[in-house]
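J.: I'll drop the sequence and a predicted model, then ask my questions.
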2 protein chains.
Amino acid sequence: MPPKLFEAVPNFSEGRDEAKISRIVSSVRNTPGVRVLDLHSDPDHNRSVLTFAGEEEPLLQASVDLARACAREIDLAAHSGVHPRMGSLDVLPFVPLGPPLSEATLEDAARLARSAGLAIGSLGLPVYLYGAAASASHRENLAEVRRGGYHGLVARADDPLWEPDYGPEKLPPRSGAVAVGARSFLVAFNANLDTDDVEVARAVAGEVRERDGGLPGVKALGLEVEGRAQVSMNLTDLERTSIPTAFEAVRRSAERRDAKVESTELVGLVPLAAVLEAARDYLTLPELGAKQVLEAALWDRADFSGK
Amino acid sequence: MPPKLFEAVPNFSEGRDEAKISRIVSSVRNTPGVRVLDLHSDPDHNRSVLTFAGEEEPLLQASVDLARACAREIDLAAHSGVHPRMGSLDVLPFVPLGPPLSEATLEDAARLARSAGLAIGSLGLPVYLYGAAASASHRENLAEVRRGGYHGLVARADDPLWEPDYGPEKLPPRSGAVAVGARSFLVAFNANLDTDDVEVARAVAGEVRERDGGLPGVKALGLEVEGRAQVSMNLTDLERTSIPTAFEAVRRSAERRDAKVESTELVGLVPLAAVLEAARDYLTLPELGAKQVLEAALWDRADFSGK
């Protein structure tokens, strides 16, 4: 087990120009010790989500290079897109890859976020820390930090409660500001129902989410996606609510409303343990562990020549 | 994807003396480029099953070192145990780790088995090739090769149909002979029923196995294990019959006989794809692929410093 591994999941404000996206991502790809795991670009939102992982120092280097590349390539003043944004590199969360992947904790990720914030501030970008890295409780919630997007920050320019944590106080119109934070690993899990009635999805979401007395660590919304009702969930504590547990709760709640789960989707990456949990539940196979997965046995500390 | 990876799953005739087992296994562990994935020692059978993996050359080296260590440590003449055996290193199958793990084929594994057989024969042990490496069709089935164990080989000593493929014609009493072969990857999957009536397990096994018109690539037996009826399966072609498909067939067949699947077990290693298949089926999650598994993304061609 490597001592401490983290994932960074930056969102940047370019989802259309492939050449620009490629130049921005190559700033990360070229950092030794960093592995790019995923890139998802959305032309409607004109926004990309990049996932990369590594140990603390290479991740810090890659994050600063990424912020510099975004500031160089993206002119926020000329930007259009559905998604509210406040910067060229808009949001930069760090996520600890805890046991069994590594020994990283949320506190480690918060320290990494502060180091990255300091360095990105030195590039001339205002930095707002959020999540577990926030400098005050009113800044913990990312939605509060980015309320109103770029124009919201302009409106709050003279409010001492909203001074940036690092970087210049004056907002650069071309690059905007960056929210740098730390949060726990989460799994984005959506269930598509066999109805076009979004109220069913909303009722199911209300029943399963923690806020309204549902399952621990579950956030949920009822949405309409391509004419279908979808229960869109974030599972923030897989130890307490696994994917199959959330699935069963949605299935039963939908059934009580004469609806069925037609299909589900996982957005982004999931830990192997979460997949094993589903296989264990389905196959009544209590003993199944990561040690039985051939690839896990082969790849953990892989040392084959030529790899 | 490394060009060609194989698994070797040798069975050797010592399952009680931990010091001997440890010395035998260290002959494999000390070979650079080889990774020991699993060791299972059974005192009743006085037998151990070792699983290791690597590319062709290191695997060949480790196999010869293993045969030498078994011949040195184990005196077959003084051996006792339930399981029939014909040698100190009794059976040595090579298994190709095909796509997506590597590009190895069954023909590659057969070539590797013949190279290993030649080298082990040079140590002074009679070698019988079997499976995809067999030199004649009557030697393909391992059960035929080892019929009667050591004494069966002695009885067939003058039969030209049963000359060894490599090594001396005269059987050394201390080390015996080795069966070296090649076979496809298989998953050993058992379903424990909620009945003590072994006839139910036998009927279910008869219904699901390929030989009697059941599922492609499925071998199955009904057994009594610790007072419970068990359907013991080998799934030899996961592309055509996946774990969840076999599970559902057993579940339905048992249900028709008023029995339920209480639990299941996987013996040894399973490919990640097989686990994903179960999660996909259970969660109606058609898009789930290995690329979404965090560990797979991290470990494939892992290049983190310190690993």
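T.: Happy to help now that I have it.
J.: shaky segments in the stretch 151-300 of chain A?
T.: Under the criterion of pLDDT under 70, the regions of the stretch 151-300 of chain A flagged as low confidence span A:299-300.
J.: Going along the chain, name the helices of it.
T.: Here the stretch 151-300 of chain A has its helices, by DSSP state H, counting those that start in this stretch, at A:198-208, A:243-255, A:272-282, A:294-299.
J.: how about the shortest one against chain B, any contact?
T.: Right, the one you point to is helix A:294-299. Yes. Using CB under 8 Å from any CB of the partner chain, we find that helix A:294-299 touches chain B at A:294-299. Every residue, glycine included, has its C-beta placed from N, CA and C.
J.: List of residues touching that helix?
T.: Under the criterion CB atoms under 8 Å, 6 or more residues apart in numbering or on different chains, residues A:272, A:290-291, B:5, B:7, B:35, B:37-38, B:53, B:97, B:101, B:269-272, B:290, B:295-296, B:299-300, B:302 lie in contact with helix A:294-299.
J.: what's the answer for the longest one, then?
T.: Counting by CB under 8 Å, 6+ apart, helix A:243-255 makes contact with A:187, A:189, A:191, A:193, A:200, A:203-204, A:207-208, A:214-215, A:218, A:231, A:233, A:235, A:260-261, A:264, A:266, A:270, A:274-275, A:277-278, A:281-282, B:279, B:282-283, all of which sit outside it.
J.: Buried among those? Need that as a selection in PyMOL.
T.: What follows is the PyMOL syntax for the buried subset of these, where burial is set by 16 or more other CB atoms under 10 Å in any protein chain shown:
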select buried, (chain A and resi 187+189+191+193+200+203+204+207+208+214+215+218+231+233+235+261+264+266+270+274+275+277+278+281+282) or (chain B and resi 279+282+283)
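J.: Beta-bridge partners for the nearest residue to A:V267 once chain neighbours are set aside, please?
T.: Setting aside the residues directly before and after it, A:V267 is nearest to A:A188 in space (CB to CB, 6 or more residues apart in numbering or on different chains), at 3.9 Å. On the basis of DSSP bridges, A:A188 takes part in beta bridges with A:N234, A:V267.
J.: CSV please, covering the helices of the stretch 151-300 of chain A and showing distance to A:F12.
T.: Compiled in CSV, the helices of the stretch 151-300 of chain A are given as follows (distance: least, CB to CB, whole Å):
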stretch, distance to A:F12
helix A:198-208, 29
helix A:243-255, 29
helix A:272-282, 27
helix A:294-299, 30
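J.: Pull up the gap between whichever residue of the stretch 101-250 of chain A sits closest to chain B and A:V204, please.
T.: Per CB to the nearest CB, the residue of the stretch 101-250 of chain A with the smallest distance to chain B is A:F247, at 5.5 Å. A:F247 sits 12 Å away from A:V204, going by CB to CB, to the nearest Å.
J.: what residues are shared contacts of these two?
T.: Counting by CB under 8 Å, 6+ apart, the residues touching both A:F247 and A:V204 are A:A191.
J.: contacting residues around A:V154?
T.: With contacts taken as CB under 8 Å, 6+ apart, A:V154 has the following neighbours: A:L171.
J.: can you pull the pLDDT of the nearest residue to A:E56 once chain neighbours are set aside?
T.: Nearest-residue entry for A:E56: A:L112, 5.6 Å, with adjacent residues in sequence omitted and distances by CB to CB, 6+ apart. The predicted local confidence for A:L112 comes out at a pLDDT of 98.
J.: Not counting stretch A:34-54 itself, show me its contacts.
T.: Contacts of stretch A:34-54 with the rest of the structure, by CB under 8 Å, 6+ apart, involve A:5-16, A:18, A:21, A:24-25, A:28-29, A:31, A:33, A:58-59, A:61-62, A:66, A:79-83, A:85, A:90, A:97, A:268-269, B:294, B:297-298, B:303-304.
J.: So which bits of the stretch 51-200 of chain A are right by chain B?
T.: Applying CB under 8 Å from any CB, one finds that the stretch 51-200 of chain A approaches chain B through A:53-55, A:58, A:97, A:101.
J.: Kindly recompute the last result at 7 Å.
T.: Selection of the stretch 51-200 of chain A residues close to chain B by CB under 7 Å from any CB of the partner chain yields A:53-55, A:101.
J.: Let me have these in TSV, adding pLDDT, neighbour count and secondary structure as columns.
T.: Written out in TSV, the entries for those read as follows (pLDDT from 0 to 100; neighbours: other CB atoms under 10 Å in any protein chain shown; DSSP: H, G, I helix; E, B strand; the rest coil):
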residue	pLDDT	neighbour count	secondary structure
A:A53	94	27	strand
A:G54	93	27	strand
A:E55	93	21	coil
A:L101	81	22	coil
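J.: will you turn those into JSON lines that also has distance to B:G148?
T.: Converted to JSON lines, those look like this (distance: CB to CB, whole Å):
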{"residue": "A:A53", "distance to B:G148": "56"}
{"residue": "A:G54", "distance to B:G148": "58"}
{"residue": "A:E55", "distance to B:G148": "58"}
{"residue": "A:L101", "distance to B:G148": "50"}
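J.: Could you tell me the end-to-end distance of stretch A:232-245?
T.: Counting by CA to CA, to the nearest Å, the length from the leading to the trailing residue of stretch A:232-245 is 15 Å.
J.: Measure how far stretch A:169-188 is from the centre of its chain, please.
T.: When C-alpha coordinates are averaged (CA atoms, centre = their mean, to the nearest Å), stretch A:169-188 and its chain have centres 12 Å apart.
J.: Next, the buried residues of it.
T.: Buried residues in stretch A:169-188 (16+ other CB under 10 Å): A:171-172, A:175-187.
J.: what do you get for stretch A:241-253?
T.: For stretch A:241-253, burial by neighbour count (16+ other CB under 10 Å) applies to A:241-251, A:253.
J.: Which two of those have the greatest separation?
T.: Longest distance between any two of the buried residues of stretch A:241-253 is 16.6 Å, between A:S242 and A:S253; criterion CB to CB.
J.: So which of the buried residues of stretch A:169-188 are in strands?
T.: A:178-182, A:187 (DSSP state E).
J.: TSV please, covering the residues you listed and showing distance to A:S135.
T.: Rendered in TSV, the data for those read as follows (distance: CB to CB, whole Å):
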residue	distance to A:S135
A:V178	15
A:A179	12
A:V180	11
A:G181	11
A:A182	12
A:V187	28
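J.: Sort out which one of these lies nearest A:L118 for me.
T.: Relative to A:L118, the closest of these is A:V180; by CB to CB it sits at 9.4 Å.
J.: my guess is the closest one meets A:R114, correct?
T.: No. Assessed by CB atoms under 7 Å, A:V180 is found out of contact with A:R114, at 8.0 Å.
J.: Now for these two: what residues contact both?
T.: Counting by CB atoms under 7 Å, 6 or more residues apart in numbering or on different chains, the contacts common to A:V180 and A:R114 are A:129, A:133.
J.: Would you mind listing which of the residues of helix A:294-299 next to chain B are buried?
T.: Among those, those that count as buried by neighbour count (16+ other CB under 10 Å) are A:294-299.
J.: got a list of what the residue lying closest to A:R257 once chain neighbours are set aside touches?
T.: Setting aside the residues directly before and after it, A:R257 is nearest to A:V200 in space (CB to CB, 6+ apart), at 5.0 Å. For A:V200, the residues meeting the contact criterion (CB under 7 Å, 6+ apart) are A:193, A:229, A:254, A:257, A:259.
J.: Kindly recompute the last result at 6 Å.
T.: A:229, A:257, A:259 (CB atoms under 6 Å, 6 or more residues apart in numbering or on different chains).
J.: Those residues in strands, which ones?
T.: Residues of those located in strands (DSSP E): A:A229.
J.: Which one of the contacts of A:V200 sits in the busiest neighbourhood?
T.: Counting neighbours by other CB atoms under 10 Å in any protein chain shown, the top entry in the contacts of A:V200 is A:A229, with 27 neighbours.
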